[in-house]
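Asker: Take this sequence and fold it.
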Amino acid sequence: MNLPCVLKGFLNEPRVLHYGFILIFSLIVAVVLAPLLLYLYRRRIIQLMGGVAQTKVSALGLVQPTLPEELESASATLVPGDGSSDSTESLATAGRQRARQLAHAVMKTVLVFAIITIATRMAMKLPALDPRLWPVLQAVVWSVTFFVWVLLMLGMTWPIVLLGTADPRFARWLLFVTVPCFLLYLAIRGPFSWHELSQLPSEIFILFMCIGLGSRHMRNVVPTLMLAVLPILLIWLEVAAVWHSIDECSGHSPVLSGAVKVLAWLTIIASIWCAYRMLGALASAYWSKRFSDAQLQMLLWFVLMALPLVTNVIFRSAGPSAPLILAGIPVAATAGAYYWLLHHLPAPHRPPVTLLLLRVFGQSRREERLLDRLAFYWRFVGPVCMIGGPDLAKAYVEPHEVAAFLSRRLSGGFIADAASLARRMREIDLEPDPDTRYRVNEFFCAGEIWIAAARHLMQRCDVVVIDLRQFHAGRLGTATELEMLSQLGALSKTIIIVGKATDMDAMREAIGAAHESPPLHVLKEADRFKPYEFFAKVVQVAERRVQC
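Answerer: Below you'll find the model as predicted:
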């Protein structure tokens, strides 16, 4: 076999566009597989929980006498000992100010990307003008063209802002702003280089991109799943290039071609191992606070938006080295702008004010809306804790949970006994992400150990929100939670959300007579409040609790 010939053929193989196609194809595979993964993930959660049926038990008798000292000592406080207090700043102001400043930071980043990308593209191909026009008129035409393209690019990249701020109104903006901008872009873009990418139409790519990040559940798993698929496809691409080079240099030898085919199939094992290691590295980086879930989603959208523009710059320019340099300018400038802006955000709120969210297991969409609207601001002042259940199993699927599920280690994160409960209590995430937001801590429990977990969270968290809009006498698990709140004296820090379907008599019976006149904070028709108004209502109780 002629090794110089093989090496030359491998290095000369034009694979720049192939890499772009692999990136897009990995997105398509991830979008197709994501619904199946979410279905299997939720089913596995239900299996590990031991089903979803709940029984009425004594709220304190089951768990209080037999807990080890290690667990009791772990429930002392959720506030880090070295946290400096922001006592002069109200929680409502802290949450709103940090949310606004993060939004402004991401907006500026998107603006940098739009301006530099369009400027780079126009520098490679200026709009055709009549040379007889005055220079001033030419400058005006170029300026208007530049301004229109920047506005169009801002409309298409607006989801980066919404993803970066975890805005619950993402789907609405995507439908009424981004999709029309995409359609307008397709109408005026003219000849483009997508035909090089195995004849993949831009419309299909845009459709899959919107599906992958437009759906509330899909965007939780698509980035992680795409990063797992990407190394597999890249390895297969490189093996195919080597295979083709060897086949060409060996004169299409049947024996050598057969051996190469066998080796090519063996690379499947290597590619799966690389995907496994990629998932592990991603989970480790997420666990180490290198990025947040919103930042990962934002990064994916940015890469997918930059890909066609970068490809267009490469194939419309001349010269062997200038194209790659020009293509990297928007990416490098945007990364630098985001890094600078991120490090000029206000310091995270200290100490973190923890919120426990309890609810009636049932309507997932309604509970997701409640969680999204509350967490949008609350995560700037502290973490949100909740008992995991099948209704919200897909609401906050984090990268390390997807990696654990794909590697069949999901059961390791479940609470099954007092020892695992103590370990999980010690591992509660109280540190903010790089974007100054705290995380949502889910406690998935097997069997009735959830009662012990709920009891300790009621004692440790600063404020409790319990959603009783679907509560009636048959909801035994929620009745147990109400009994615990009453017997632990936690009603003073609890906000009870009620609605038209709430059985008020069953609620009063579950609370019992532990207090002659319990200080109930009842919030009716929570859906009619805007996210900040809802957040401010909860903050009123939290501030009284923190000041005590």
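
Asker: Leu230 - that's part of a helix, no?
Answerer: Yes. Assessed by DSSP: H, G, I helix; E, B strand; the rest coil, Leu230 belongs to a helix.

Asker: Quick one: residues contacting it.
Answerer: Contacts for Leu230 (CB atoms under 8 Å, 6 or more residues apart in numbering) come out as Ile22, Leu23, Ser26, Met278. For every residue, glycine as well, the C-beta is placed using N, CA and C.

Asker: Columns neighbour count on top of the residues you listed, output as JSON lines?
Answerer: Output for these, formatted as JSON lines (neighbours: other CB atoms under 10 Å):
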{"residue": "Ile22", "neighbour count": "20"}
{"residue": "Leu23", "neighbour count": "17"}
{"residue": "Ser26", "neighbour count": "20"}
{"residue": "Met278", "neighbour count": "18"}
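
Asker: any idea which of those is the one closest to Thr334?
Answerer: Nearest to Thr334 among the contacts of Leu230 is Leu23, at 17.4 Å by CB to CB.

Asker: Chain neighbours aside, what residue packs nearest to that closest one?
Answerer: Leu307 (6.3 Å; CB to CB, 6 or more residues apart in numbering).

Asker: State the pLDDT value of that neighbour.
Answerer: Listed pLDDT for Leu307 reads 71.

Asker: and what of Cys445?
Answerer: 90.

Asker: Was I right to think it contacts Arg455?
Answerer: No. Counting by CB atoms under 8 Å, Cys445 sits too far from Arg455 to count as a contact (11.8 Å).

Asker: Show me where the chain has its strands.
Answerer: 355-359, 384-387, 440-443, 463-467, 494-498, 521-524 (DSSP state E).

Asker: For the nearest residue to Val222 once chain neighbours are set aside, give its distance to Thr157.
Answerer: Using CB to CB, 6+ apart and skipping the chain neighbours, the partner closest in space to Val222 is Gly212 (4.2 Å). According to CB to CB, to the nearest Å, Gly212 stands 16 Å off from Thr157.

Asker: So for the two, which residue has more residues nearby?
Answerer: Of the pair Gly212 and Thr157, Gly212 is the one with more neighbours under other CB atoms under 10 Å, namely 25 against 22.

Asker: what sits against that one?
Answerer: Taking CB under 8 Å, 6+ apart as the test, what Gly212 contacts is Leu27, Ala30, Val31, Ala34, Met218, Arg219, Val222, Met226.

Asker: Please report phi then psi for His217.
Answerer: With angles defined as degrees, to the nearest 10, His217 sits at phi -80, psi -40.

Asker: Next: Ala393.
Answerer: The phi/psi pair for Ala393 (degrees, to the nearest 10) is phi -60, psi -30.

Asker: Which residues are in contact with it?
Answerer: Ala393 neighbours (CB under 8 Å, 6+ apart): Tyr41, Arg42, Ile45, Ile46.

Asker: How many residues are close by Tyr276?
Answerer: 15.

Asker: cool, and Arg172?
Answerer: 11.

Asker: For the spatially closest residue to Trp236 that is not a sequence neighbour, give me its contacts.
Answerer: Spatial nearest neighbour of Trp236, excluding adjacent residues (CB to CB, 6+ apart): Ser271 at 6.4 Å. The contact partners of Ser271, taken as CB under 8 Å, 6+ apart, are Pro231, Ile232, Ile235, Trp236.

Asker: which two in those residues are spaced the farthest apart?
Answerer: Among the contacts of Ser271, Pro231 and Trp236 lie farthest apart (CB to CB), at 9.6 Å.

Asker: between the two, which one's more packed in?
Answerer: Pro231 (21 against 15).

Asker: Any figure for the gap between the more buried one and Arg426?
Answerer: In terms of CB to CB, Pro231 sits 34 Å off from Arg426.

Asker: residue contacts, the spatially closest residue to Ser292 that is not a sequence neighbour?
Answerer: In space, Ser292 comes closest to Asp433 once its chain neighbours are excluded; the distance is 3.7 Å by CB to CB, 6+ apart. When contacts are counted by CB under 8 Å, 6+ apart, Asp433 touches Lys289, Phe291, Ser292, Gln295, Arg439.

Asker: is it possible to export the residues you listed to a markdown table including distance to Arg369 and neighbour count?
Answerer: Formatted as a markdown table, these follow (distance: CB to CB, whole Å; neighbours: other CB atoms under 10 Å):
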| residue | distance to Arg369 | neighbour count |
| --- | --- | --- |
| Lys289 | 28 | 13 |
| Phe291 | 26 | 17 |
| Ser292 | 21 | 23 |
| Gln295 | 23 | 22 |
| Arg439 | 19 | 22 |
